[in-house]
Structure formats: C-alpha cells, structure tokens
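>>> predicted structure and sequence below. I'll ask about it afterward.
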Amino acid sequence: MKQQMTAEDVLGVLAVLQQADTEVWVGGGWGIDALIGRQTRPHRDLDLMHRAGQEQTVVGTLAAVGFVQTLDWRPVRFVLTDGRDRELDLHPLRFAADGSAVQSSPDPERPFEYPASCFVTGRIAGSPVGCLSAEQQVYFHRGYEPADHDRHDMAELRRAFGIGTHF
C-alpha cells in the first residue's frame, strides 16, 4: 500500500520549493482540503501545478530531497516518488500575460484551461498555501467516472461553498 501524504509532508515539500524560489499551487484532494482549511480524508499523493519554465528547478530541488521520476506523461504530467513511496503528481502550466494558464492534455486540441482567478490561497495545518479555486476543482472533476474519494471531495466542496457539482 502506498505511503499516505501527511499535512507535514505537504508543508515540507512546499517549503523546499519555496526556498528554491519556485511557484506551485496545490490541486487534487489536498487542494480541496486546503480550500476547506482542514484535512477531510487520507491522501496517497500530492498534486502540484508549477510554472513550466521553472520545471528544471522544481525537479532538481525535489531530487535533492530524494524524489525521482517514476512516470513521464509530459507534457501533460509526470510523477516523482521518494524512498518512502510518497508521490508527487506534477502538472506543468504555461502562463499568459493576463495570469491565466494552460496545461497540455491528452488531446492536443483541447488543453486544460486555468483562468487567472483560479489561483487562490488555502490553508493546510493552519499554514497558507497556494491552491486552485473550488470552481477549478469542479472543472477538473468532469468527464470521467468518479472514484469514492472524488465523490467525497465534491461533497466537501458542496458543503463548504454551496456550489454545484455534477456528482
């Protein structure tokens, strides 16, 4: 079974990346918990969006603390794992001058879009962290059969923010 990613693990990874002067935003389950301000379930990984132009620094910084690449689906995403089996799911973003961004998708004609307004601040274990907005989280939970943790996450967003979700 995969090692769980704790709040302390997340804050440690974010601190190392901040010290390297990189910009990242938390997405996925930890991103939803950051929006809510508390951990609502166990997490097996940490989803991070990063500036594509900073990717070499991000990867080098994480390699220095023991993370190695274990999956490469670039330009869409890639995964780094450490010796404790903790996973980081990294998503390169290309930013426009207006603060919006795009991420490549499996369909090159339909990249994932990130409006400038989706980059917000949440809290993990009381510490402020950059994360994706509730609306952006809902956007990324469309178009596939949800797992139990996806249903849990959407229920948490509905409860916390009163927004509509499709499941």
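Ah, there it is. Residues are numbered from 1 along each chain as shown.
>>> helix, strand or coil for the residue with the largest distance to the centre of the chain?
What lies farthest from the middle of the chain is residue 109; by CA atoms, centre = their mean that is 22.7 Å. Using DSSP: H, G, I helix; E, B strand; the rest coil, the secondary structure recorded for residue 109 is coil.
>>> again with residue 17
Three-state call for residue 17 (three-state DSSP): helix.
>>> that one and residue 73: what is the separation?
Distance of residue 17 to residue 73, computed by CB to CB, to the nearest Å: 21 Å. Backbone N, C-alpha and C define where each C-beta goes, glycine included.
>>> same check on residue 128?
Distance from residue 128 to residue 73, counting by CB to CB: 30 Å.
>>> and for residue 50?
Counting by CB to CB - residue 50 and residue 73 are separated by 15 Å.
>>> ok, now residue 39?
For residue 39, the distance to residue 73 - CB to CB - is 28 Å.
>>> the more surrounded of the two?
Ranked by neighbour count (other CB atoms under 10 Å), residue 39 and residue 73 place residue 39 first, with 16 against 10.
>>> pretty sure that one sits against residue 7.
Yes: shown here, residue 39 and residue 7 form a contact pair, counting by CB atoms under 8 Å, at 5.9 Å.
>>> quick check: neighbours shared by the two?
Common neighbours of residue 39 and residue 7, counting by CB atoms under 8 Å, 6 or more residues apart in numbering, are 124, 125.
>>> name the element the closest residue to residue 21 other than its chain neighbours belongs to?
Excluding the flanking residues, the one nearest residue 21 by CB to CB, 6 or more residues apart in numbering is residue 57, at 7.7 Å. Per DSSP states H and E, residue 57 falls inside helix 55-64.
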